[in-house]
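1. Here is the input, now give the coordinates:
(chains A, B and C)
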Amino acid sequence: MKSHRKELWFEVPTRRGFINITSDVQRTIDESGVKEGLVLVNAMHITASVFINDDEPGLHQDYDEWLERLAPHEPVDGYRHNVGEDNADAHMKRQIMGREVVCAITEGRLDFGTWERIFYGEFDGRRKKRVLVKVIGE
Amino acid sequence: MKSHRKELWFEVPTRRGFINITSDVQRTIDESGVKEGLVLVNAMHITASVFINDDEPGLHQDYDEWLERLAPHEPVDGYRHNVGEDNADAHMKRQIMGREVVCAITEGRLDFGTWERIFYGEFDGRRKKRVLVKVIGE
Amino acid sequence: MKSHRKELWFEVPTRRGFINITSDVQRTIDESGVKEGLVLVNAMHITASVFINDDEPGLHQDYDEWLERLAPHEPVDGYRHNVGEDNADAHMKRQIMGREVVCAITEGRLDFGTWERIFYGEFDGRRKKRVLVKVIGE
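-> Numbers count the residues shown, from 1 in each chain, chains lettered A, B, ... in the order given. Presented below is the predicted three-dimensional model:
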């Protein structure tokens, strides 16, 4: 069994944002030499997500507004966690969107449906944060 | 390490619906010959889910109404994604229910608690869609 | 490929609660002898979650209140599932927080960001319930 590990680093200049990381993940699979296996892609921070959905800007705006309705940033003091912090809502948003994805690798490629793309979802940005890619297989 | 891949196809005749796919997944494990390992089961579409919960029709109706409250289908033009489409809500619902499950395989069987069953969750049906089952192990 | 399986048992004395199980999972990895691989940690019950977030009591209270807003326990008869049961809300809450996490193992350790901790999330406690830890790798 082969395994390979890589960190991807991001600095989103705004509080929230989505970044398509599909090609970074495929590149990591290429480097691993794994042809059949699994790849785990997870946020290493607890106010960020990795998820799979459509690369469509309108949808991303819809996600942003929808998450803000389900777990609003304001009022900041409505959360017990916000003592010297203001990111409690980011911990909620990340649970809805998820921490990680696990994807199949088949013949060396991400085994994906037509519209599946992997995104880094940032909910408390404006600093450097990272994603772990771990490949296992043969 | 062995690996095995199979696609399961569904055509749900309504917009939304839940299908118990536990026996399909177990059959795929049987075909793989894997006795100890992991199985990934994921929707290959971004308006559908794979999740694990109870096979109880009342609960499934509760899920349907609850998801409709959290991410309503109407008004369709309340979502930026709905330009020539009407399925933005399905992209939200799928994030709550999840894209995938990863299950343990022990002695050739899904290593499950008493009530765990795997479901395909459709949120934008009335067309053919598929689920990927990827088995790895020995 | 090595594999190792262990069940962790819990009895939360209240309806809802969160338990940090990170050291139990690391101990299971230690027992497995796996240095590079993946560990799956999942609730074996459908009214409980395993998730990764911060070990901060204020945040846990925020989660509890937030989940209660999104999927209230009362009125109990507002859910079709609650025929002789009162835990329909627990089936909803568990979907938001998730059934499972998959974590990378690197050099024999959980490959985690600074604040990542694994939690058992109970939404229908006051009885014995269990979590499955399955390790695969080399």
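2. Dump the strand or helix carrying A:Leu38 to PDB, restricted to CA.
-> Counting by DSSP states H and E, the element that carries A:Leu38 is strand A:37-43. What follows is strand A:37-43 as a C-alpha-only set of coordinates in PDB (Å, rounded to 0.1, in the frame of the first residue of the first chain):
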ATOM      1  CA  GLY A  37      -7.500   3.900  -3.700                       C
ATOM      2  CA  LEU A  38      -9.000   6.700  -1.700                       C
ATOM      3  CA  VAL A  39      -8.100  10.300  -1.100                       C
ATOM      4  CA  LEU A  40      -9.100  12.100   2.100                       C
ATOM      5  CA  VAL A  41      -9.300  15.900   1.800                       C
ATOM      6  CA  ASN A  42     -10.000  17.800   5.000                       C
ATOM      7  CA  ALA A  43      -9.800  21.300   6.500                       C
END
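3. tell me the average confidence for the next helix or strand after that strand?
-> Following strand A:37-43 in sequence order, the next helix or strand is strand A:48-53 (DSSP H and E). The average pLDDT within strand A:48-53 is 98.
4. outside of strand A:48-53, which residues touch it?
-> A:21, A:41-43, A:59, A:63, A:90, A:93-94, A:97-101, A:103, A:116-124, A:129, A:131, B:46, B:91, B:94-95, B:99 (Cβ atoms under 8 Å, 6 or more residues apart in numbering or on different chains). Where you see a C-beta, it was placed from the backbone N, CA and C, and this is true even at glycine.
5. so what strands line up beside that strand?
-> Paired neighbours of strand A:48-53 in the sheet (DSSP bridges): strand A:117-122 (antiparallel).
6. who's in contact with the strand it pairs with?
-> A:8, A:10, A:12, A:15-22, A:25, A:41, A:43, A:48-55, A:93-94, A:97, A:101, A:103, A:110, A:129, A:131.
7. in chain A, what residue is nearest chain C?
-> Taking Cβ to the nearest Cβ, chain C has its nearest neighbour within chain A at A:Met44, 3.1 Å off.
8. now that residue: how far from chain B?
-> In this view, A:Met44 and chain B are 19 Å apart by Cβ to the nearest Cβ, to the nearest Å.
9. That residue is in contact with A:Arg130, isn't it?
-> Yes: if you go by Cβ atoms under 8 Å, A:Met44 and A:Arg130 touch, sitting 5.0 Å apart.
10. Between those two, which has more neighbouring residues?
-> Taking other Cβ atoms under 10 Å in any protein chain shown, A:Met44 and A:Arg130 do not tie; A:Met44 has more neighbours (22 against 14).
11. residues in contact with that one?
-> A:7, A:129-132, C:112-114, C:116.
12. near chain C, which residues of chain A show up?
-> Contacts of chain A with chain C, taken as Cβ under 8 Å from any Cβ of the partner chain, map to A:1, A:3, A:5, A:38, A:40, A:42-46, A:70-71, A:79-81, A:83, A:88, A:91-92, A:94-96, A:98-100, A:102, A:130, A:132, A:134, A:136.
13. Counting neighbours, which of those residues end up buried?
-> The neighbour-count criterion (16 or more other Cβ atoms under 10 Å in any protein chain shown) marks A:1, A:3, A:5, A:38, A:40, A:42-46, A:70-71, A:79, A:81, A:88, A:91-92, A:94-96, A:98-100, A:102, A:132, A:134, A:136 among those as buried.
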